Structures are given as structure tokens and as C-alpha cells.
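>>> Okay, sequence plus prediction incoming.
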Amino acid sequence: MTRDKYSEQIAQMSKSMFRYCLSRTNSYSDAEDLAQEILLISCKGENSFPNEKAFYAFVWRTAENILRQWYRDKNRRDTAELDETISDGSWEALEEQAAENDQLRLITRELSHLNSNYRHVIVAHYVDGLSVKDISERFSLSQSMVKYLLFQSRKRIREGINMERNYGKLSYQPIKLSLFFWGGKNNYYGKFDTKLCQNILMACYFDRLNEEQISLQLGVPTAYLEDDIKELVKYDLLNEKSGLYLTNVPIITHEVFDDLARENKQVLMDITERLKNGLDGILDNVRKIGFYGSDMPNNSLKWMLVSLILRMSYMCMVHVESDLELDYPTDIFGDSCFRFFIEDDNAELCGSFDTGISDYNVREDDCAIAFWDVEINGRPLHKEINETRAKMLMTLTERQPQNENEKLVCAELVELGFAFREGNEIKLNIPCIKDDQWKKLIGYLGKIPDDIVDSAMDRVDVIRKVLREHTPAHLIDYTDKMAVLLYYKEVKQIMLSLCESGWLLPMKDGMIGTTVMLLE
């Protein structure tokens, strides 16, 4: 890199590096000192990096090494002896004694931070009163291994009770994440929704930590972490090496999106105005196409057009051959997909624009149902569709239900909002567009979708650059490949802006414009 480019990268990294050090130390002054030391070492490598990727890898590796040494220096304290008679064999008694005895309170604190191997053995010996031989038989360990674990446990407790325990920021300000999945079969749906799982991943994002260190970062005893850690490792979201854990998927935080918003503010304003002006001019012509539902209220029609345009631009561009074609990684199940976590929005309003996007094909592509479920508009429908319901929706475009089974399915469709009753008839509550009508609609939309795609393609490198500033070295290749998927955030911002301006309103009643049936 050139001198000017190198200086620019160092300047951009300074703020991110300070935030990172502050999250690891919980000390403003220590974070300042460490960030300066890391950047100073990085400055010495001027002109030695062939590209940005190599630069970021070096900086984060330097940060990891310096912080590791800082932890070692901080933990060097005088040690105290562990009282061999800390209990009368009753866990309840130990707790009662700990409440009145500072030394025992510190010991129980340190017990909570031991990993399972050490904790089970020392509790069996000192609390349950078992001999080395008994413990050996209970846990199927050799007696020499039991003695070793007892020795190491005592050593760790002695060191710990003389150490000031500074719990990490995540112990009092946990992060809330959502899993973003893009690909084929989603084997992760609903499995990692707990704060504990999510904050384990956050704690191990930049550093390899053992169970005790994770426990300190989260302020949670190791006994409550073990099952979640195993599950995260099983799904390859957490990598384990020699008892140390490192997060194996990207985490996109508010800081990333804030930086992207600053970089793309004017572009998004322009796209929003382009949509408003372009669609206002074609609403009457769109109605004249005469598709089923073309008489829906103006607000519902606007939602339909906006959802179709955003789908055709932001969503579809990752499926077509272009400079943005995705290079899918392979997950632990052998499926090609992207998996990453996103910090939930702070603002309740912005969170109301979370979007569920899905397509459901019926009768070998004779019909497709395109879902664009936005939280502000009510219950998401894409989660409720199945083959039976989808076939019945298509059947309703041709005829009424004829038997009890069909009537039962129609009752479900009415309850879910896909359809409504009018007299003795069941009618669809979603727009249906035939192939010839779709071609006319595309003609009226003109270049709006293409212009959005062109704008996005021009800005992929901006997203990659911002991601590299906030991503640990081992995941930079991954985030480079998935950068285009972060355009979903722009989709939310555009819909939010359209609603804030009053051009769009939440859909409360009437036809659901954001679920569209496309007929061949």
C-alpha cells in the first residue's frame, strides 16, 4: 500500500481499536494505552503489506498478542493457601459459611469459574467428602489423574481468590443477536436464540478464550455455559482448539451499520426519492393492468410495488450472474450457505421493519407465491405456508372448495389472512398476477430496479472496507464473500424512510399487498 493509503487505514482503525480494547479491559485508560501500543506497532509495518487484507490481518493479530500479554501481567498476584477443611460435606453448609466468611465466599466464587473437569472433581472431594479412589471410580479416571485435577484446581482457586475479578462488559450489558441465514436448508432455525449462546459467541469473537475466561466475560458460572458451548461447537459456530474457543461466524454489530449508514446516507436518500416519484407516476397505469387485486387501496398497492422492486433489485441480484455472484462457503452439514449474526436494532421503530423473504413454488413452477413480510404490517405469512395451503390458494384462482378437506384448508387460510369470506364464497386476500400482466407491470417499473442494482454494485467495496475494520483476521475472507448480503439493511432503511415521510403507512386491513401470487 502507498504511504497515504497506509495512513488512512491507521486513522480509520484507531476508533475501532479503542472500542475493541475497552470491551476487553473495561478500563478507559488501559484501553487507550493498549490501542496506542497496537497502532504504534502497526505503524512500523508501513509499506510492507501488499493489500488491505494483509494489513487488517496483521493489526488484529497484533491486538490479540498484546492483549494476551496484558491479561498475563494483570493476573500475576500473590497466592494464598486453600483451606483443606472448607466444608463439612454439605453444599448447603458451604453456602451458609460462605455468606459469613469472606475467604469461603471467594472460594465459592472461584469454584463457579472452574471448567467442568476441575469443578466436578474438587466438589466431589471437598464437598461430597469422597476419597481419591472413590472419585476415580465415579468419573472413570485414573487415581493419578484425579490427584492432578485436584492439584490444578487448588492452584487455580488459590490464584483466583487473591485476584481482583473484573467481569466483562457483557456481564452487565449483554448483546442481543439474530442469526441471518442465506442458502439452502436452514439447520440453525430457532436453535441459538438465547442470550447466553449469543454472548458466548461475542465474548470469543476476537480472542480465543477458555471456559473460565468466558465465564468472567459474561459473569456466568461455567456450569451454566458448558451445554451451550458444546452445542455451538457441534454446529461449527464456535471453534475449539486445545480448550480454547474462537467464534467461527461473523458478527455484525451496530458499529458496522452506523459506519455503513454514514457512507451511504445520500445514496439511500436518492433511492427513496426515486421510488416515491417513480411509483406515484405509474399507480393509475398499474391499476389498469387489471390483475386480481388491482383495486386494492393506494397504500396496499404502494407496498406491493415497493416489495416487488426491492426484491427484484436487492434480493435477486445475488442470484443472477454478475460481479456480485456469491461464492458460498460450505457449512458443517455440507450445505452451501452463509451464516452470520446481526446485533438487533436498538430503535423499536427500525426493528419494526425486519423482513421475512421467501418464495414458494406450486405445481412445478405453474405458480409461485412471493412473500415480503414486514413486521410493521403484522404476522409474517411465509412461516405459515405449506404445500396443502399453497395448492389451495392456487385452486381458489379457478374454483371454490368442493369437499370437506378443501373447506377445512380454506378455513385455515381465512384465519391466517390469506383469504376472506364474502357471502358463501372464499376469496383470495393477496394479489394474483398472470404472466402477461406481469410483463406489463415490469414495463411500467422501467429502470427503477436496474438503477438500484447498478448503485449497489458500485458500492460493494465500501461494504467490504467497513467490514474489514470490524472483523477479526480469521473471518475477513468470509465477510468479503458475504458483503452483498448486508444490503438487506438498506432495504429496512428505505422502507423506514418511506414510512417516516408518510408516503407509506402500515397495512392494517384489506388486501395483503406484500404477498403476491404469480401465475404462468
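Great, that's in hand.
>>> Quick check: residue 130 is in a helix.
No - read with DSSP: H, G, I helix; E, B strand; the rest coil, residue 130 is coil and lies in no helix.
>>> which one is it nearest to, not counting chain neighbours?
Distance criterion Cβ to Cβ, 6 or more residues apart in numbering; nearest residue to residue 130, sequence neighbours excluded, is residue 124 at 4.7 Å. Where you see a C-beta, it was placed from the backbone N, CA and C, and this is true even at glycine.
>>> if I read this right, the one you found contacts residue 135, doesn't it?
Yes - applying Cβ atoms under 8 Å as the test, residue 124 and residue 135 come out as touching, 4.9 Å apart.
>>> more neighbours, those two?
When residue 124 and residue 135 are compared for neighbours, residue 135 comes out ahead with 23 against 19, by other Cβ atoms under 10 Å.
>>> my guess is the more buried one contacts residue 141, does it?
Yes - using Cβ under 8 Å, residue 135 makes contact with residue 141 at a distance of 7.2 Å.
>>> Identify the contacts common to these two.
Counting by Cβ atoms under 8 Å, 6 or more residues apart in numbering, the shared contacts of residue 135 and residue 141 are residue 121.
>>> Regarding the nearest residue to residue 183 once chain neighbours are set aside, what is its secondary structure?
The shortest distance from residue 183 to any non-neighbouring residue, by Cβ to Cβ, 6+ apart, is to residue 337 (2.5 Å). With three-state DSSP as the basis, residue 337 sits in strand.
>>> Contacts only, for residue 337.
Going by Cβ under 8 Å, 6+ apart, residue 337 touches 181-186, 328-329, 331.
>>> By mean pLDDT, point me to the weakest helix or strand of this protein.
helix 348-351 (a mean of 47; mean pLDDT, DSSP states H and E).
>>> Next, the buried residues of the helix or strand that it is followed by.
Per DSSP states H and E, the first helix or strand lying C-terminal to helix 348-351 is strand 355-362. Applying a neighbour-count criterion of 16 or more other Cβ atoms under 10 Å, one finds 355, 357, 360, 362 buried in strand 355-362.
>>> What of stretch 278-298?
Under 16+ other Cβ under 10 Å, the buried positions of stretch 278-298 are 278-279, 282, 286, 289, 291-294, 296.
>>> do stretch 235-251 as well
Buried residues in stretch 235-251 (16+ other Cβ under 10 Å): 235, 237-240, 245-251.
>>> ditto for stretch 474-486
By neighbour count, with 16+ other Cβ under 10 Å as the criterion, the buried positions of stretch 474-486 are 474-476, 478-480, 482-486.
>>> Same check on stretch 220-234?
Going by 16+ other Cβ under 10 Å, stretch 220-234 has these buried residues: 220-223, 225, 228-229, 231-232.
>>> Can you pick out the ones from those residues that are in helices?
Mapping the buried residues of stretch 220-234 onto helices (DSSP state H) picks out 228-229, 231-232.
>>> And the furthest pair within the residues you listed?
Spatial extent of those (Cβ to Cβ) is set by the pair 229 and 231 at 7.4 Å.
>>> now what about stretch 367-383, what contacts it?
Residues contacting stretch 367-383 (Cβ under 8 Å, 6+ apart): 303, 307-308, 310-311, 351-362, 385, 390, 393-394, 416-418, 430, 495, 499, 506-508, 512, 514-520.
>>> now that stretch, how far from the chain's geometric center?
Computed by Cα atoms, centre = their mean, to the nearest Å, the chain-centroid distance of stretch 367-383 equals 21 Å.
>>> Mind listing what's buried along that stretch?
Residues of stretch 367-383 classed as buried by neighbour count (16+ other Cβ under 10 Å): 367-374, 376-377, 380-382.
>>> now stretch 411-421
Using 16+ other Cβ under 10 Å as the burial criterion, the residues of stretch 411-421 that qualify are 413, 417-419.
>>> Now do the end-to-end distance for it.
One end of stretch 411-421 to the other measures 9 Å (Cα to Cα, to the nearest Å).
>>> centre of the chain versus it, how much separation?
33 Å.
>>> Which helix runs longest in this structure?
Ranked by residue count, the top helix of the chain under DSSP H comes out as helix 254-280.
>>> Could you check how far the next helix or strand after that one is from the centre of its chain?
Using DSSP H and E, the helix or strand that follows helix 254-280 in sequence is helix 283-288. Helix 283-288 has its average C-alpha position 40 Å from the chain's average C-alpha position, going by Cα atoms, centre = their mean.
>>> OK, contacts around residue 418?
By Cβ under 8 Å, 6+ apart, the residues touching residue 418 are 381, 384, 389, 393, 428-430, 512, 515.
>>> Mark which of these are part of helices, please.
Per DSSP H, the contacts of residue 418 map to helices at 389, 393.
>>> Now, the contacts of residue 418 that are in strands?
Counted as lying in strands by DSSP state E, out of the contacts of residue 418, are 428, 515.
>>> quick one: buried residues of stretch 331-350?
Applying 16+ other Cβ under 10 Å to stretch 331-350 flags 331, 337-343, 345, 350 as buried.
>>> can you tell me how far the residue nearest the centre of the chain sits from residue 64?
The chain has residue 341 as the residue nearest its centroid, 1.7 Å off, counting by Cα atoms, centre = their mean. Noted for residue 341: a distance of 20 Å to residue 64, by Cβ to Cβ, to the nearest Å.
>>> picking up where we left off before, can you tell me which of the buried residues of stretch 331-350 is nearest residue 28?
Nearest member of these to residue 28, counting by Cβ to Cβ, is residue 343, at 22.4 Å.
>>> still on that earlier bit, please state the offset of the longest helix of the chain from the chain centre?
22 Å.
>>> what's near enough to touch residue 285?
Here residue 285 is in contact with residue 444 (Cβ under 8 Å, 6+ apart).
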